[in-house]
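K.L.:
got a sequence here, can you build the structure:
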Amino acid sequence: MAADLQADTTPALTSEQLAKIEREFDPETAFRPTGKNLGFLIAGILVAMSVYHFYASGFGLIRELVHRGIHLSFVLGLVFLLFGLRKSGNMVAPKAWYRFEGVPLIDVALAILAVAAAMYLPLLPPEALAQRVGNPSPSDIFMGSCLLILTLEATRRSIGPTLPIIGLLFIGFAYFGPWMPGALKHGGSSWLGIINHLYMTNQGIYGIAIGVMAKYVFLFILFGVLATRIGLGQLFIDIALVIAGRYSGGPAKVAIFSSAFMGTISGSSIANTVTTGALTIPAMKKVGYPAHFAAAVEATSSTGGQITPPILGAAAFIMVEYLEIPLRDVLAAALFPALLHYFGIFIMVHLEAKKLGLRGLRAEELPKLGVVLRDHWLSLIPLIILVYFILSGRTPDFAAVYGIIACVVVGFLNPNHRLTIPDLWVSLAAGAKNTLAVGAAAATVGVVVGVVTLTGVGFRLGYVVVQTATDIGTFFSTLPVLGYFTVGQWTLFTSLVLIAFSCIIMGAGIPTTATYIILVAVAAPALAQLQVEPLVAHFFVFYYGVLADITPPVALAAYAAAGIAGSNPFKTGNTAFRLGIAKALVPFVFVYSPALLLVADGFTWWLFSVTLLGAMLGIASLGVAFSGYLFASLKKWERWWVALVSFLFIAPGLATMAAGLILMVPIVVLQLRRAKAEQSMLDT
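P.N.:
Below is the predicted model:
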């Protein structure tokens with residue numbers, strides 16, 4: 001019982017300690033310190049970057065290639081100034097003759113070369129560029145080679161080696177095509193051909209990925225920083241406390257609601273974990289949750305920010321470009337899968353609280369709703385404006401520009417979170433800083449996507465996946481019980497499983513947006529061959545890419561939460577994956593019943609209602625099975641029974657749902673009897 005548990009006496013972490021944890025587990029924020037003068041210069045460049053993007057998206061008429069080139073030059077130049085050659089080099093700024101205020105002179109030279117290489121092509125006259133595509137000059141090859149190498153190095157410095165290694169493997173695949181095995185064999189390409197495709201066309205480094213970053217993502221990240229600065233983040237946390245804090249295990253439920261709210265303005269799992277976890281993790285430990293469970297709840301909830309409208313970790317804007325559909329349709333499709341994710345966490349948290357007998361927060365520990373709204377209601381205005389413009393059909397950049405304007409106006413007027421000119425300067429610099437790693441990653445993703453379009457490897461890999469799944473499906477269909485399903489049904493299911501595992505592995509240690517773009521290029525063709533609708537295929541690979549943030553052994557969000565909780569990182573990661581099991585099941589649900597995505601083909605309210613109800617029952621049943629508790633503790637065989645029955649609920653259809661309900665009746669009866677017997681023992 002909670003009364004028997006010792007209260008947590010762990011001191012609250014300071015802002016410096018939280019920042020250290022974020023830098024340790026999120027390489028995107030591991031900036032190196034610089035001298036005062038250079039630091040001010042870099043801050044000025046960061047502010048100029050924010051001002052430029054705000055002007056270009058809101059009021060300027062800048063040629064697409066030029067805009068992408070300017071964005072890339074800002075990103076690469078600043079990465080070489082702010083990220084060291086090694087991660088350890090970002091912690092101190094030693095003085096030496098070869099350093100300029102903490103930055104090695106070689107990095108200054110690389111920053112200048114990166115800016116020159118990024119701007120060389122966009123500054124060519126359009127007619128001259130058109131004549132040189134397919135027949136690049138020696139200077140084109142030199143600048144393209146420099147940009148390719150510097151892009152890979154900038155990505156390695158800012159997010160780690162995984163994505164650059166993938167980029168190098170794809171470049172090697174393009175070059176050594178004639179020596180590739182089986183279906184992967186192709187004619188190959190020379191270095192000139194590779195540079196021509198990746199640098200001289202809009203199919204590579206200057207492709208969709210960097211274009212979306214420059215046009216949409218930068219503005220939404222800046223909006224999130226400003227919205228948090230004017231008090232929107234605090235409002236979300238306070239409202240979550242009011243809604244859920246008083247109930248059993250209240251702090252854990254607060255973590256779910258606050259992370260869900262924060263997910264609407266934050267596209268980073270780790271940033272969300274550190275921001276809300278600083279409050280919720282100590283509170284969860286205080287009421288009796290084990291440290292690893294408290295950290296896992298926060299990590300899993302925060303990862304939901306990647307799938308929560310309107311930002312979706314920037315993936316929403318990529319979908320808009322790829323699928324050529326309005327942003328509001330993407331957000332509508334994302335809504336209920338995101339709610340199911342949080343529903344799954346809520347069920348497990350509630351059952352864990354009941355099993356441990358944990359209390360909620362006392363009235364004196366909770367804020368008053370009237371006071372919260374009185375003090376913070378102004379900070380809601382920018383978000384309302386942003387959502388209104390999106391729902392009215394305006395472009396995402398238009399909505400973000402006016403959301404940013406609203407943030408600044410509200411900040412200057414709001415007496416509780418007053419935004420001063422120095423605050424605005426810091427916020428503009430912070431917003432730009434937060435885009436550097438994802439910008440470098442987008443450029444490297446452009447390399448991967450460029451190789452895919454150059455070699456057609458996406459369709460080749462799709463063929464391999466489908467052929468493998470077909471062989472497995474043929475074998476299963478010959479077995480006595482499994483033969484009830486056709487080869488085609490087994491092929492689809494096996495393909496989904498293979499792609500899901502590939503997405504999780506690929507997403508280990510790579511930013512979600514980068515993972516999603518790569519997977520769309522190499523995995524979506526396999527789903528297309530299986531007649532899966534494009535919107536459904538995109539969401540499927542996106543969800544499993546996000547799942548990597550809480551999947552050991554590289555569960556970065558879980559490890560960051562473990563740093564705050566002082567718990568075992570691997571145990572935290574395993575628990576986080578268990579709590580996030582809904583996220584692993586929901587993609588299968590909307591593949592078999594796309595009505596869950598609202599705007600997919602074949603949508604009807606009847607299909608949607610049946611699918612949603614079945615998914616909720618299935619996720620709740622899995623929560624019971626994993627928690628080992630319903631009204632009382634479950635025996636081992638009961639947990640297995642409930643787990644198997646849950647799949648009947650998840651499989652779309654009234655017949656399977658009815659069968660699941662019938663099979664659950666014995667467990668419910670046994671649980672009620674056991675709970676009554678336990679209560680009688682306590683009463684006596």
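K.L.:
please identify the helix or strand for S427.
P.N.:
Using DSSP states H and E, S427 sits in helix 421-433.
K.L.:
so how far is that helix from its chain's centroid?
P.N.:
24 Å (C-alpha atoms, centre = their mean, to the nearest Å).
K.L.:
quick check: mean pLDDT across whatever helix or strand T300 lives in?
P.N.:
Per DSSP H and E: T300 is located in helix 291-303. The average pLDDT for helix 291-303 rounds to 84.
K.L.:
same check, this time on stretch 581-594
P.N.:
pLDDT averaged over stretch 581-594 gives 83.
K.L.:
ok so, going back, buried residues, the helix holding S427. List them.
P.N.:
For helix 421-433, the neighbour count (16 or more other C-beta atoms under 10 Å) marks D423, L424, V426, S427, L428, A429, A430, G431, A432, K433 as buried. Glycine gets a C-beta too; all of them are placed from N, C-alpha and C.
K.L.:
with distance to I619 and pLDDT as extra columns, can I get those residues in CSV?
P.N.:
What follows is those, written out as CSV (distance: C-beta to C-beta, whole Å; pLDDT from 0 to 100):
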residue, distance to I619, pLDDT
D423, 42, 91
L424, 43, 93
V426, 42, 92
S427, 38, 92
L428, 41, 94
A429, 42, 93
A430, 37, 90
G431, 36, 89
A432, 39, 92
K433, 38, 91
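K.L.:
what is the nearest of those residues to Y484?
P.N.:
G431 (55.1 Å; C-beta to C-beta).
K.L.:
surely that closest one and R229 touch.
P.N.:
No. Using C-beta atoms under 8 Å, G431 is not in contact with R229, being 9.6 Å away.
K.L.:
and the helices in the stretch 51-200 of the chain, which stretches?
P.N.:
For the stretch 51-200 of the chain, the helices defined by DSSP state H, counting those that start in this stretch occupy 64-82, 105-120, 126-132, 138-159, 162-175, 191-199.
K.L.:
kindly apply the preceding question to the stretch 351-500 of the chain instead.
P.N.:
369-376, 381-391, 396-413, 421-433, 436-455, 457-477, 487-506.
K.L.:
so for the residue nearest to V465 when sequence neighbours are not counted, what's the pLDDT?
P.N.:
In this structure, V465 finds its nearest non-sequential neighbour in A526, 4.2 Å apart by C-beta to C-beta, 6 or more residues apart in numbering. Looking at A526, its pLDDT reads 81.
K.L.:
A526 and I499 touch, don't they?
P.N.:
Yes. A526 is in contact with I499 according to C-beta under 8 Å; the separation is 6.2 Å.
K.L.:
so what's F257 up against?
P.N.:
I239, A240, I243, A244 (C-beta atoms under 8 Å, 6 or more residues apart in numbering).
K.L.:
actually W641, not the one I wrote
P.N.:
Counted by C-beta under 8 Å, 6+ apart, W641 has contacts L663, I667.
K.L.:
let's see that with 10 Å instead.
P.N.:
Listed by C-beta atoms under 10 Å, 6 or more residues apart in numbering, the contact set of W641 reads S621, A625, L634, K635, L663, M664, P666, I667.
K.L.:
what's the burial count for F501?
P.N.:
11 (other C-beta atoms under 10 Å).
K.L.:
which regions of the stretch 1-150 of the chain lie under the pLDDT threshold?
P.N.:
Along the stretch 1-150 of the chain, the model assigns pLDDT under 70 to residues 1-29, 87-98.
K.L.:
show me what counts as buried in stretch 79-86.
P.N.:
By neighbour count, with 16+ other C-beta under 10 Å as the criterion, the buried positions of stretch 79-86 are V79, F80, L81, L82, F83, G84, L85.
K.L.:
before we move on, the earlier item: so what sits against both of A526 and I499?
P.N.:
G462, V465, A469, A537, V541.
K.L.:
check contacts around T453.
P.N.:
H197, L198, T201, Q203, G204, G207, A521.
K.L.:
chain center to the helix or strand hosting the last one: distance?
P.N.:
So the one you mean is A521. Element membership of A521 [criterion: DSSP H and E] is helix 512-522. For helix 512-522, the separation from the chain centroid amounts to 11 Å (computed by C-alpha atoms, centre = their mean).
K.L.:
check stretch 426-435 too.
P.N.:
With C-alpha atoms, centre = their mean, you get 19 Å for stretch 426-435.
K.L.:
then stretch 391-399?
P.N.:
That offset, for stretch 391-399, works out to 22 Å (C-alpha atoms, centre = their mean).
K.L.:
same check on stretch 54-71?
P.N.:
Averaged C-alpha coordinates place stretch 54-71 at 26 Å from its chain's average position (C-alpha atoms, centre = their mean).
K.L.:
which parts of that stretch are buried?
P.N.:
By neighbour count with 16+ other C-beta under 10 Å, stretch 54-71 contains the buried residues F54, A56, S57, I62, L65, H67, R68, G69, I70, H71.
K.L.:
determine which two of those are furthest apart.
P.N.:
The span of the buried residues of stretch 54-71, defined through C-beta to C-beta, is set by F54 and L65 at 20.0 Å.
K.L.:
return the helix or strand in this structure with minimum mean pLDDT.
P.N.:
Of all helical and strand segments in the chain, the minimum by mean pLDDT, DSSP states H and E falls on helix 15-25, at a mean of 58.
K.L.:
below-threshold pLDDT in the stretch 251-400 of the chain: ranges please.
P.N.:
In the stretch 251-400 of the chain (pLDDT under 70), the answer is 263-264, 266-268, 313.
K.L.:
what segments of it are strands?
P.N.:
Secondary structure of the stretch 251-400 of the chain (DSSP state E, counting those that start in this stretch): no strands located.
K.L.:
so how far is the helix or strand containing Q679 from its chain's centroid?
P.N.:
Take DSSP H and E as the rule and Q679 turns out to sit in helix 654-683. Its chain's C-alpha centre and that of helix 654-683 lie 38 Å apart, by C-alpha atoms, centre = their mean.
K.L.:
may I see the buried residues of it?
P.N.:
Quick answer for helix 654-683 (16+ other C-beta under 10 Å): T656, M657, G660, M664, I667, L670, Q671, R674.
K.L.:
what's the closest of those residues to W640?
P.N.:
I667 (10.9 Å).
K.L.:
just to revisit the earlier point, by contact count, what packs against the helix holding Q679?
P.N.:
helix 605-627, helix 636-650 (3 or more C-beta pairs under 10 Å, 6 or more residues apart in numbering; DSSP states H and E).
K.L.:
hmm, back to that, quick one: which of the helices of the stretch 51-200 of the chain is nearest S301?
P.N.:
Comparing those by C-beta to C-beta, helix 138-159 comes nearest, at 23.2 Å.
K.L.:
and the closest one with helix 105-120, angle?
P.N.:
With axes from the mean of the first three to the mean of the last three C-alpha atoms, to 10 degrees as the basis, helix 138-159 and helix 105-120 are set at 120 degrees to each other.
K.L.:
low-confidence stretches in the stretch 451-600 of the chain?
P.N.:
481-483, 507-509, 549, 551-555.
K.L.:
residue ranges of the helices in the stretch 201-350 of the chain, please?
P.N.:
Going by DSSP H, counting those that start in this stretch, the stretch 201-350 of the chain shows helices at 208-212, 218-229, 232-244, 250-262, 269-287, 291-303, 315-323, 327-356.
K.L.:
tell me the gap between the fifth one and the middle of its chain.
P.N.:
Right, the one you point to is helix 269-287. Centre to centre, stretch against its chain (C-alpha atoms, centre = their mean), the figure for helix 269-287 is 18 Å.
K.L.:
what's the answer for the shortest one, then?
P.N.:
If you compare the mean C-alpha spot of helix 208-212 with that of the full chain, they lie 17 Å apart, counting by C-alpha atoms, centre = their mean.
K.L.:
let me see the mean pLDDT of that helix.
P.N.:
89.
K.L.:
from the contact counts, what lies against that helix?
P.N.:
Secondary-structure packing of helix 208-212 (3+ C-beta pairs under 10 Å, 6+ apart): helix 64-82, helix 315-323, helix 436-455, helix 512-522.
K.L.:
buried set for the shortest one?
P.N.:
The neighbour-count criterion (16+ other C-beta under 10 Å) identifies A315, A316, F317, I318, M319, V320, Y322 as the buried residues of helix 315-323.
K.L.:
ok, the last one to A299 distance?
P.N.:
Plainly put, Y322 is 29 Å away from A299 if you go by C-beta to C-beta, to the nearest Å.
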